[in-house]
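Q: sharing a model that was predicted from the sequence below.
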Amino acid sequence: MSFLSVVKSVVNKVTTLTYSPSNPIILPDSNIMWESGAVGITTYPIIYVKSSYWAGLSTALKAVFMNHENTHLSQQKSNVALYALKYAIDKTYRLSMEVEAYGAEVTYYIGLGYSKAVVLNMIATLLASSTYLNMCTYAQAIAALKAKYPKLLV
């Protein structure tokens, strides 16, 4: 049995679990998944979130977080194994997936009255951090965000 077959088998078993994307699985802060600095990880069809992060979010920010992670669910739906492989090894692909997922935050924070410059800086700083395995520089993150959301961020 090939590696890909094993992954597909596991994914098929996981998708039979009762799980609602609107209710993430809360994991303890001590879980190894959070060592990179991430606070949420999505592996279709499940969204995992760091317990202390989730507890500190308002209802509105939980909705923004879930929109981001639900974008990742949509990205992974057709082939989670291929998505995971490309996300792990291709920094350009990883950046494009995250820039798309950050669309919810862009709209939300600008709607709250934050300046476009503040929103752009906040998200670009995150994208260029070790949380995302240093996938890009700050300047590359700025360029990718401006290219994806020209009307919102330029």
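A: Everything's here; your move. Numbering: from 1, shown residues only.
Q: setting the sequence-adjacent residues aside, check what's closest to residue 133.
A: Leaving out its chain neighbours, the residue that sits closest to residue 133 by C-beta to C-beta, 6 or more residues apart in numbering is residue 36, at 6.8 Å. From N, CA and C alone the C-beta is placed, and that goes for glycine too.
Q: which pLDDT value belongs to the one you found?
A: Predicted confidence (pLDDT) for residue 36: 87.
Q: renumber starting at 717 from here on
A: That works, and once the first residue is 717, the last one we named lands at residue 752.
Q: distance check, it against residue 795.
A: 23 Å (C-beta to C-beta, to the nearest Å).
Q: between those two, who's got more neighbours?
A: The residue with more neighbours, out of residue 752 and residue 795, is residue 795; 16 against 13, by other C-beta atoms under 10 Å.
Q: separation between that one and residue 866?
A: Distance of residue 795 to residue 866, given as C-beta to C-beta: 29 Å.
Q: okay, now residue 813: neighbour count?
A: Neighbouring residues of residue 813 were enumerated by other C-beta under 10 Å; the total is 19.
Q: again with residue 821
A: The local packing of residue 821 (other C-beta under 10 Å) involves 19 other residues.
Q: how about residue 788?
A: A count of nearby residues for residue 788, using other C-beta under 10 Å, gives 21.
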